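Peer 1: what follows is a predicted structure for the sequence shown.
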Amino acid sequence: MADSMTAAERSAMMGRIKGKDTRPELTVRRILHAAGFRYRLHAKDLPGRPDIVLSSRRTLVFVNGCFWHGHDCHGTRLPKSNRRFWNAKIKANMACDARNLAECRRLGWRVLVVWECALRGRGRWSLLALGEEICRWLTLDFRRVTIRNIKAN
């Protein structure tokens, strides 16, 4: 099926996609705040500019969009057109994510990755269950964890 938009319209639409303060990120922030955790946002001085930084717990939280970060779930489907470009873009994003996470761990930070599919679509967590899982992880001594959709766990 051909794209119903011109290249300029598609480019303008893709350019409006937000990189921070997304709905999944705001949801995780609300959960943390309601549980009494305080944090700072988008630390420019840390690798990958983590979405949430809990300095007192030496913990970083990345809230990743499944499409942009190449998560293998129901929410990820490459566009049918220009597949070579999208494959290269997503693979580069994944490589950058891996480097950033490794560097964060090398610097002594604990890392939590929350995938968009944990908050939306089939297999999403209830907000209560997600909040309990995040709080449990924050109070224990795990170094790294990934929260994704329930069906994938």
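Peer 2: That came in fine, so what should we check first?
Peer 1: buried ones in the helix or strand residue 30 falls within?
Peer 2: Here residue 30 sits within helix 23-34, counting by DSSP states H and E. By neighbour count on 16 or more other CB atoms under 10 Å, the buried set for helix 23-34 is 24, 25, 27, 28, 29, 31, 32. Glycine gets a C-beta too; all of them are placed from N, C-alpha and C.
Peer 1: which of those residues lies closest to residue 130?
Peer 2: When the buried residues of helix 23-34 are compared for distance to residue 130 (CB to CB), residue 31 wins out at 6.4 Å.
Peer 1: ends of stretch 56-66, what's the gap?
Peer 2: Stretch 56-66 has its terminal residues 29 Å apart, counting by CA to CA, to the nearest Å.
Peer 1: which residues are contacting it?
Peer 2: Contacting residues not belonging to stretch 56-66 are listed as 22, 24-25, 28, 32, 37-39, 43, 46, 48, 50-54, 71, 73, 75-76, 97, 101, 104, 108-117, 138 [CB atoms under 8 Å, 6 or more residues apart in numbering].
Peer 1: max-length helix in this structure?
Peer 2: The longest helix of the chain (DSSP state H) is helix 83-106.
Peer 1: list the buried residues for that helix?
Peer 2: Buried residues in helix 83-106, counting neighbours by 16+ other CB under 10 Å, are found at 90, 93, 97, 100, 101, 104.
Peer 1: gap between the most centrally placed residue in the chain and residue 37?
Peer 2: With distances taken as CA atoms, centre = their mean, residue 64 lies nearest the centre of the chain, 1.3 Å away. Separation of residue 64 from residue 37 (CB to CB, to the nearest Å) stands at 19 Å.
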